[in-house]
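Colleague: structure of the sequence below:
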Amino acid sequence: MAQKTIRLDPEPGILIESLRDIGYSFNSALADIIDNSITAQAKNISIVALPIRESFRVSIVDDGFGLSHDDLLRAMRLGSSNPRWKREESDLGRFGLGLKTASFSQCRKLTVASKQEGRIAAFTWDLDAVEDKNSWSIIERTDVQNIYGLDFLGSSGTLVLWENVDRLTGSNGSGKVDYERVISESQDYLSLVFHRFIAGEPGVDKVDICMNGLHLKALDPFNTKNKATQTSPEEVVCPGVKLRSFTLPHISTYEDKYEYERYGLPGGYLKNQGVYLYRAKRLIIFGTWFGLAKKTALTQLTRVKIDIDADQDEIWKIDVKKVSAQMPEIVRKRVRTLIRTIGAPSRKVYRQRGARLTSPNAYPVWNRIQNDTGITYGINTAHPLVVAFRNSLDPSFQGQFDSLVAFIGAMLPTEALFYDLSNNAESVHTEIMQSEQFKDNVCSFFAVLKQFKDDDTAINVMKSIEPYKSHWEEALSALGIEEK
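Modeller: Next comes the predicted model:
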């Protein structure tokens, strides 16, 4: 009996809404659009992202070679290219989905207009219309003069326009978004992800990316222009994969704190240590050891650059968003071996030098202040960890933090403490930190100390104060070092 084949097409209205939740952030969606511009050999890319009344509108214009009417129509199709096709070395795309899924993840109306040989073609995906008609229907624009941003196109190039950007403003269009923060974070993200193109490094065509009038400056995560950066020779791990390791400079080599923090990247050095994976010179993933090692305070200045060719996508399992990958076993073995070498500081043998501190009570969490009116106890707001955490907060929350610290300090139960200490002092204990909390605290405090002390001095300071003094072996383990 012959088998019966039944055609089962997906429901357009349901599927297109599901595609919106594929996992793009605003920044990664922008980066995916820029990939197309670079592939189109654009030299200038201009992004304008502005709140319009209670909505948000984003336009990305490039001066690449543009697309003809038929080519643009094909590009607007979901799955417009086969990921298994052989791609050009400089091609930053893969699935033929990025333009659409990145845009759908942020807006409900996508318009793409392209000019080639003086002719303009334009099409619009309107998600509301797709749902209403439950059909994969695209709108061919004959009213190109009404398309916002079209005037910025030169003799050739492409405009990508996002309208009804609801993922930032919310479905009700409330517009309660800190647009300045969104734009600032996007500028930093793009400066990092495309830093090799912005800098025009050898072998890469220079690209100028401008966002809201600001021409982005390349943010090199390896700070290679600093003479104090330690760089290993580049090696070929396997065909299509190159590797090089870097040790970033200590804070003492920087002229100002801002420069040091800039190269720490958002989240700081401790968070951003690890592998920086580039596909066709474009940064895909950064700040991860791919499960091969733990992030420790002593390796916070270590970063490893891995370059892979565009034909490595399937081997590395690069996803549609180009923000995740899986390291193949042959590379994992090499990186695991390399970590033992480049991570030597994390396994170095610490020999106590008996450094003397200016005070045995360095960095107290509580201050004891005695004056004519009596003795007052309060939280030490100058403690490095307190200062570091406060500085990491948005300025609008710092006042609330100060109030909370003052409230906690004012609520010290002095009468209960006096009673308990007077009657049964041996039974009074402080709350014990959980193991993971203690490890996080050790790494954070060490990272703060390293900003103005060398490794050995920072370790000596920690060994002399609580809670590290009483749990020294656990503290050393958290830092990844041994003591003799």
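Colleague: what's in contact with stretch 295-302?
Modeller: Contact partners of stretch 295-302, identified using C-beta atoms under 8 Å, 6 or more residues apart in numbering, comprise 245-250, 268-271, 273-274, 289, 293, 342-343, 345-346, 348, 442-443, 446-447, 450, 455, 478-481. Any C-beta I mention is one placed from the backbone N, CA and C, and that applies to glycine too.
Colleague: can you check stretch 322-335 too?
Modeller: 23, 28, 31-32, 35, 92, 94, 98, 237-238, 241, 243, 275, 277, 279, 282, 284-285, 290, 292, 304, 306, 315-319.
Colleague: now, those that are in strands?
Modeller: 237-238, 241, 243, 275, 277, 279, 282, 284-285, 304, 306 (DSSP state E).
Colleague: just to be sure, Tyr258 is in a helix?
Modeller: Yes - applying DSSP: H, G, I helix; E, B strand; the rest coil, one finds Tyr258 inside a helix.
Colleague: counting neighbours, what do you get for it?
Modeller: 8 (other C-beta atoms under 10 Å).
Colleague: for the one 3 residues further on, same thing?
Modeller: By the measure other C-beta under 10 Å, the count of residues near Glu261 is 16.
Colleague: show me the shaky parts of the stretch 151-300 of the chain.
Modeller: Within the stretch 151-300 of the chain, the ranges that satisfy pLDDT under 70 run 169-175.
Colleague: repeat that for 80
Modeller: 168-177, 252, 296-298 (pLDDT under 80).
Colleague: all strands of it, in order?
Modeller: For the stretch 151-300 of the chain, the strands defined by DSSP state E, counting those that start in this stretch occupy 157-163, 208-211, 214-215, 230-231, 235-238, 241-247, 274-279, 282-288.
Colleague: how about those in CSV, adding mean neighbour count and distance to Arg196?
Modeller: Formatted as CSV, these follow (neighbours: other C-beta atoms under 10 Å; distance: least, C-beta to C-beta, whole Å):
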stretch, mean neighbour count, distance to Arg196
strand 157-163, 24, 22
strand 208-211, 19, 12
strand 214-215, 12, 16
strand 230-231, 12, 15
strand 235-238, 14, 19
strand 241-247, 19, 13
strand 274-279, 22, 7
strand 282-288, 19, 8
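Colleague: in JSON lines: these, plus distance to Glu201.
Modeller: Formatted as JSON lines, the strands of the stretch 151-300 of the chain follow (distance: least, C-beta to C-beta, whole Å):
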{"stretch": "strand 157-163", "distance to Glu201": "24"}
{"stretch": "strand 208-211", "distance to Glu201": "14"}
{"stretch": "strand 214-215", "distance to Glu201": "17"}
{"stretch": "strand 230-231", "distance to Glu201": "14"}
{"stretch": "strand 235-238", "distance to Glu201": "19"}
{"stretch": "strand 241-247", "distance to Glu201": "13"}
{"stretch": "strand 274-279", "distance to Glu201": "11"}
{"stretch": "strand 282-288", "distance to Glu201": "12"}
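Colleague: the ones you listed: which one's closest to Leu192?
Modeller: Of all the strands of the stretch 151-300 of the chain, strand 282-288 sits nearest to Leu192, with 6.4 Å by C-beta to C-beta.
Colleague: quick one: work out the angle between the closest one and strand 274-279.
Modeller: Between strand 282-288 and strand 274-279, the angle comes out at 160 degrees (axes from the mean of the first three to the mean of the last three C-alpha atoms, to 10 degrees).
Colleague: and strand 282-288, how far from the chain's centre?
Modeller: Taking C-alpha atoms, centre = their mean, to the nearest Å, one finds strand 282-288 lying 8 Å from the centre of the chain it belongs to.
Colleague: who does it touch, helix- and strand-wise?
Modeller: helix 179-193, helix 195-199, helix 269-272, strand 274-279 (3 or more C-beta pairs under 8 Å, 6 or more residues apart in numbering; DSSP states H and E).
Colleague: kind regards, and thank you for your time.
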